[in-house]
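Student: Generate coordinates for the sequence data below:
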Amino acid sequence: MVNRSLSRGLGSIGVAAALLAGCSSASTTTTSTISTSSTTAVTTTSTPAPANVIWPYGASTMRFTDPVVAARSFAIEFLHMISPTIGSFTSAGPLDGTVEVQVPSSSAVTTIQEHRDPSGSTWWITGATTPNLVVTLPRPLDHVGSPLTVSGQSTAFEAVINLQVLQDGSLKAIGTGTAKGGSMGTMGPFTTSLSFPAPGSGGGALVIVTISPKDGTVAEATVVPLSFGP
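Tutor: Here you go, the predicted structure:
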């Protein structure tokens, strides 16, 4: 039942892709922009991505000049959240900050972490956290391979959490699994192992989500950036 619900939530990728299709371009220079209601916040450019970022993909030409717009894209495109409410940007320093997002079917809040490049023009997503999904292993940017041991503390409906390993450049998971921690608001330990085809070098992400019992969609997420290799 959980897997069918997860498929329903993550199956929104087609809808999400359609939403973003109007915000992308094949151009490799900054020659076009997409206007939002408040600012010109999405551009197409060949600006290289830092090594520790999750979204947007470095190989793509999509870039964000507004951290709130970047968070919305990440929540819909990467996390496959349905109709999320996007909060305001909270600064954590000259180049860093967070944006909170929440879906209608859940009271849980996911905090999206962002970093701005030194030029001051592009915002990158570097991770996400929620208090109900706390990962102790792997740590951000750990060099990992298959099988990947994942452990931490969680609370979720029927104790079940859903895990994916993604490789940079693709929203198709190369490894998936479930684990059980705590439930009914009580945190409990979880440990599981995820196997996946060796991606060689490069980066990726561990994505852990809970599924809303109300409608079977993604309720909240923790995302940890990874580095593949020995």
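
Student: Just name whatever secondary elements the helix or strand where Glu220 lies is in contact with.
Tutor: Under the criterion of DSSP states H and E, Glu220 resides in strand 218-228. Applying 3 or more Cβ pairs under 8 Å, 6 or more residues apart in numbering; DSSP states H and E, one finds that strand 218-228 contacts strand 110-116, strand 123-129, strand 133-137, strand 143-144, strand 203-211. For glycine as for every other residue, the C-beta is placed from the backbone atoms N, C-alpha and C.

Student: and that strand, average pLDDT?
Tutor: Throughout strand 218-228, pLDDT has a mean value of 97.

Student: coming back round to it: what's the closest of the helices and strands packed on strand 218-228 to Ser183?
Tutor: Ser183 sits nearest to strand 203-211 of all the helices and strands packed on strand 218-228, at 10.3 Å, using Cβ to Cβ.

Student: helices and strands around that closest one, which ones?
Tutor: Going by 3+ Cβ pairs under 8 Å, 6+ apart, strand 203-211 lies up against helix 2-10, strand 133-137, strand 148-154, strand 160-167, strand 218-228.

Student: I'd like to know which of these is closest to Met62.
Tutor: In terms of Cβ to Cβ, the element of the helices and strands packed on strand 203-211 nearest to Met62 is strand 160-167, at 16.9 Å.

Student: Residue ranges in the protein under the pLDDT threshold?
Tutor: Counting by pLDDT under 70, the chain has low-confidence residues at 1-40, 44-46, 230.

Student: could you redo the last one with a cut-off of 50?
Tutor: Applying pLDDT under 50 to the chain flags the ranges 1-39.

Student: so which of the helices and strands packed on strand 203-211 gets nearest Thr122?
Tutor: Of all those, strand 218-228 sits nearest to Thr122, with 16.9 Å by Cβ to Cβ.

Student: Kindly calculate the angle that that closest one makes with strand 160-167.
Tutor: For strand 218-228 against strand 160-167, the angle by axes from the mean of the first three to the mean of the last three Cα atoms, to 10 degrees is 40 degrees.
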